[in-house]
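Asks: when you get a sec, could you give me coordinates for this:
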Amino acid sequence: MPDPHSARTARANPRHADKPAPSRGRPTPPRTDQRTLFTRLVEFLSPGPDSKEELISALAEAEQRELIEPESRKMLEGVLRMAEQCAGDAMVAAPRMDLLDIDAPYEQLLNSVIHTAHSRFPVYEGKRDNIIGILMAKDLLKLQRSPDLNLRTLLRPAVFVPESKGLNELLRDFRSNRNHLAIVIDEFGNTAGLITIEDVLEEIVGEIEDEFDEKDGESDIYTLADGSQRVAGDTAIHDVNEAFDTELPEDEFDTIGGLVADQLGRVPRRRESVQVGPLVFSVMLTRGGAVRWFKVTRAAAGDEGGER
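Replies: Below is the predicted model of the structure:
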């Protein structure tokens, strides 16, 4: 039989009649929205960007308002754009690849390594399209100490990727597999080029500087070990004409970099070669959308054409 006293108590305090028993655990703190009313109002009236283009525009606006640094904005844009790029967009094309012949004598291999100054080289057998492995430059020193050592034993497996492989995925593979170079192949299985982890990172951070970047205290025109000339992109055309005894036009452009870009129709990329008059300009380093250093050689006799 129900207790009439309890019933009267419930009727007298209706708000407490159905109140659950207090929890014996730690009390749950009330949930609070840390955003201010103004912030919530702005988010309601101005929703976030709906496309990648709007996001890039928002980053540019943030830079103008000095919320982020220019370099940070460039890197964030690079990350966004890299998601749409593939290996074929950032690779070094096959004709410009520096390769080693497995059957070449040691002295020739050593000269190639010193001349190009790379740390890794694709090695081919028979024809350039037949890549059989990758040689580390430091491993070549082992042949000097042990001439009887077979070069094939020093080769490391080559990694092959299709032109369509996304740069995001490729960077993830480089990091997980600890590879720094991959051979890019086209849809028919032919060698289209090569790509390194540096090439991928440069899509984010821009051209990575190397030992050729610092020119303080150096001449704009410098003789290399092989007899060719290293010429700064901002060297006056007049100085180039005097150094090479040429007559390149000086009317429309002041610097050799501007003249070469006009000849090509755009700023040349690293490792591209452009012929202007009797000289061939090979890009050694670019930075900030301009050529920092050219390697300049003379064209073959009788060849006064334009772009190579």
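Asks: quick one: E250 and D239 touch, right?
Replies: No - contact between E250 and D239 fails when scored by CB atoms under 8 Å: they sit 10.3 Å apart. Every residue, glycine included, has its C-beta placed from N, CA and C.
Asks: neighbour count: these two, which is higher?
Replies: When E250 and D239 are compared on other CB atoms under 10 Å, the one with more neighbours turns out to be D239, at 16 against 13.
Asks: which helices and strands sit right next to the helix or strand where D262 lies?
Replies: According to DSSP states H and E, D262 maps onto helix 256-264. Judged by 3 or more CB pairs under 8 Å, 6 or more residues apart in numbering; DSSP states H and E, helix 256-264 is in contact with helix 237-244, strand 273-276, strand 290-298.
Asks: at 6 Å what do you get?
Replies: helix 237-244, strand 273-276 (3 or more CB pairs under 6 Å, 6 or more residues apart in numbering; DSSP states H and E).
Asks: tilt between the longest one and helix 256-264?
Replies: Interaxial angle, helix 237-244 versus helix 256-264 (axes from the mean of the first three to the mean of the last three CA atoms, to 10 degrees): 90 degrees.
Asks: how far away is the most centrally placed residue in the chain from F281?
Replies: The chain has E202 as the residue nearest its centroid, 2.0 Å off, counting by CA atoms, centre = their mean. Note on E202: its distance to F281, by CB to CB, to the nearest Å, is 21 Å.
Asks: same question, P147
Replies: 39 Å.
Asks: before we move on, what about G193?
Replies: Distance of G193 to F281, computed by CB to CB: 21 Å.
Asks: of these two, who's got more company?
Replies: Set side by side, G193 and F281 show more neighbours around F281, with 26 against 21, by other CB under 10 Å.
Asks: V260 is in contact with that one, correct?
Replies: Yes - the pair F281 / V260 is scored as a contact, 5.1 Å apart, by CB atoms under 6 Å.
Asks: which residues are common contacts for the two?
Replies: V274 (CB atoms under 6 Å, 6 or more residues apart in numbering).
Asks: what is the neighbour count of the nearest residue to R292 once chain neighbours are set aside?
Replies: Of all residues not flanking R292 in the chain, L285 sits nearest, at 4.3 Å (CB to CB, 6 or more residues apart in numbering). For L285, the number of neighbouring residues by other CB under 10 Å comes to 20.
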